[in-house]
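[1] Sequence and computational prediction follow.
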Amino acid sequence: MNGFNQYTPTEVIFGKGTENQVGETAKKWGGSRILIVYGGGSVVRSGLLDRVKASLDAAGLAWEEFGGARPNPYLNHAEEGVQKAIAFGADLILAVGGGSTIDTAKGIAHGTANPDTKLWDIWTKKVPLTKTLPVGVVLTIAAAGSEMSDSAVLTNTETGVKAGLGTEFNRAKFAIMNPELTFTLPDYQIACGVTDIMMHTMERYFIPGAQEMLTDEIAEGLLRTVIANGRLALKDKTDVNALGEIMWCSSLSHNGLTGAGRSARDFSVHKFGHALSVKYDVAHGASLSAVWKAWAEYACEGEGALERFARFARKVWLVEEEDDRAACAKGIEMTVAYFKEIGVATCLKDFGLDPSEEEIQDLAMKTTSNDTVRLCPARTITAVEAKAIFEASR
């Protein structure tokens, strides 16, 4: 096992009605003036936002609202939130929503704590991030894992770049998780969430030469759990046990635990998905599943990668093939079949897309930062390989 640092400081408050504890929890973490960040009208229509406000009021905390967070969250919207937070004198940013809302809140926290620095300069690491405001979360969508992760993503609409920022300053101070808050999600959102959770786990898993027995078992168990409970939740969206399992899988898939001790980690599928979601504004989870088959068929041919894919097939999908190549092929086939079963894209035409050669080349260049970044430790991906993977995903 390789050396590693595992840092998971987020307080998790899990269970029915836990959103009513947000006021006292925010106060415990130093909040007195709270900027509430949320997305569209669902938290308003469901009454969740009113319950959050009532809890903050009961704790004697001042608050302001900042709505409008959107899927594939925008830099300029986070910048608007920074100005509102500064004007209000916010000392804690509270995200009420899913990954896009949480990532927006993280951006607002960084920008508010560093008012003389452009947020994009922080995001692109042109200026080192040395301080931020505390962020709290009331989670409404199990998917991105941002409630416990060290990462966040924003899209710069001026440059057409969707970029992630990884830093321990992205760790939320607390995350309130009530699975009942996900009862009203559409099937497609649940399916995209399950897909994102799987990807966060798999992109830490397919590392050649991995020797971390416990980390492997955690990852494989998480994948089996989210796959099984994804099916149950899509049959009954009030199955609180299934939704609770998915919510906990979301958090554990992206807090570092499923990659502990790995010699590397690989988020190349996310790079492909980011390029797609910026260019075509498709759902994040589905952007990943649309390219996964082509990526997997390429990556599994890397040195030492076939054994990892074969283990994945046997441990996650219970494939009984003794030959590694046959097991690998069956595991890829069963993963893609599952994506089809839950209703997410498995190729670009599922989005109604038929990109031109020029568009494919642009996607490949965006994926590899203009061919300056080499992706995928299992088998190197440059812009040339990225283009081939996009073409195979048509």
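    Noted; the coordinates are in hand.
[2] Just confirm Ala163 is within a strand.
    Yes - counting by DSSP: H, G, I helix; E, B strand; the rest coil, Ala163 is part of a strand.
[3] how many neighbours does the nearest residue to it once chain neighbours are set aside have?
    The shortest distance from Ala163 to any non-neighbouring residue, by C-beta to C-beta, 6 or more residues apart in numbering, is to Trp123 (5.8 Å). C-beta here means a position set from N, CA and C on the backbone, and glycine is covered the same way. The number of residues packed near Trp123 is 23, by other C-beta atoms under 10 Å.
[4] contacting residues around Trp123?
    Under the criterion of C-beta atoms under 8 Å, 6 or more residues apart in numbering, the contact list for Trp123 reads Leu75, Gly107, Leu154, Asn156, Ala163, Leu165.
[5] Repeat that for Arg171.
    Contact analysis of Arg171 by C-beta under 8 Å, 6+ apart lists Tyr7, Thr8, Pro9, Thr10, Met148, Ser149, Asp150.
[6] try 7 Å
    Applying C-beta atoms under 7 Å, 6 or more residues apart in numbering to Arg171 gives the contacts Pro9, Thr10, Asp150.
[7] got it, and Val82?
    Val82 neighbours (C-beta under 7 Å, 6+ apart): Ile108, Gly111, Thr112, Leu119.
[8] can you list the contacts of Arg171 in TSV and add distance to Asn20 and neighbour count?
    As requested, the contacts of Arg171 are exported to TSV (distance: C-beta to C-beta, whole Å; neighbours: other C-beta atoms under 10 Å):
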residue	distance to Asn20	neighbour count
Pro9	23	12
Thr10	19	18
Asp150	28	19
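[9] Tell me the most packed of the contacts of Val82, by neighbour count.
    Busiest of the contacts of Val82 [other C-beta under 10 Å] is Ile108, holding 31 neighbours.
[10] got a pLDDT number for that one?
    pLDDT, Ile108: 98.
[11] That one reaches Ala78, doesn't it?
    Yes - using C-beta atoms under 7 Å as the test, Ile108 is close enough to Ala78 to be in contact (5.5 Å).
[12] Return the member of the contacts of Trp123 nearest to Thr215.
    For the contacts of Trp123, the residue nearest Thr215 by C-beta to C-beta is Leu165; the value is 24.4 Å.
[13] Do me a favour and get the backbone dihedrals for Gly304.
    The phi/psi pair for Gly304 (degrees, to the nearest 10) reads phi 80, psi 0.
[14] Please, which helix or strand holds the residue nearest the centre of the chain?
    With distances taken as C-alpha atoms, centre = their mean, the residue of the chain nearest its centroid is Ala144 (2.6 Å). Here Ala144, judged by DSSP states H and E, is contained in no helix and no strand.
[15] show me where the stretch 201-350 of the chain has helices.
    In chain order, the stretch 201-350 of the chain shows helices spanning 213-235, 240-253, 268-280, 284-299, 305-316, 324-342, with DSSP state H, counting those that start in this stretch as the criterion.
[16] who wins for proximity to Val44 among those helices?
    Comparing the helices of the stretch 201-350 of the chain by C-beta to C-beta, helix 240-253 comes nearest, at 21.3 Å.
[17] quick check, distance from that closest one to the centre of its chain.
    Remark: helix 240-253 is offset 14 Å from the chain centroid, using C-alpha atoms, centre = their mean, to the nearest Å.
[18] And it, what does it pack against?
    Judged by 3 or more C-beta pairs under 7 Å, 6 or more residues apart in numbering; DSSP states H and E, the packing partners of helix 240-253 are helix 187-205, helix 213-235.
[19] for the longest one, packing partners?
    Same thing as helix 213-235. For helix 213-235, the elements it packs on are helix 187-205, helix 240-253, helix 305-316, helix 324-342, judged by 3+ C-beta pairs under 7 Å, 6+ apart.
[20] Chain neighbours aside, what residue packs nearest to Ser287?
    Leaving aside its chain neighbours, Ser287 sits nearest to Gly273 (3.7 Å; criterion: C-beta to C-beta, 6+ apart).
[21] related to what we said a few turns ago, tell me the spacing between the residue nearest to Ala163 and Pro73.
    Trp123 sits 12 Å away from Pro73, taking C-beta to C-beta, to the nearest Å as the criterion.
[22] which residues are common contacts for those two?
    Leu154.
[23] how many neighbours does the residue nearest to Phe339 when sequence neighbours are not counted have?
    The spatial neighbour of Phe339 that comes closest, neighbours along the chain excluded (C-beta to C-beta, 6+ apart), is Ser289 at 4.4 Å. Neighbourhood size, Ser289 [other C-beta under 10 Å]: 30.
[24] so who does Ser289 touch?
    With contact set as C-beta under 7 Å, 6+ apart, Ser289 has these partners: Thr195, Phe339, Val344, Ala345, Thr346.
[25] Tell me if Lys16 really is in a strand.
    No - under the criterion used here (three-state DSSP), Lys16 is coil, not part of a strand.
[26] mind listing what it touches?
    Asn178, Glu180.
[27] re earlier: can you put the contacts of Arg171 in CSV and add pLDDT, distance to Gly89 and secondary structure?
    As requested, the contacts of Arg171 are arranged in CSV below (pLDDT from 0 to 100; distance: C-beta to C-beta, whole Å; DSSP: H, G, I helix; E, B strand; the rest coil):
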residue, pLDDT, distance to Gly89, secondary structure
Pro9, 93, 25, coil
Thr10, 97, 25, coil
Asp150, 95, 27, coil
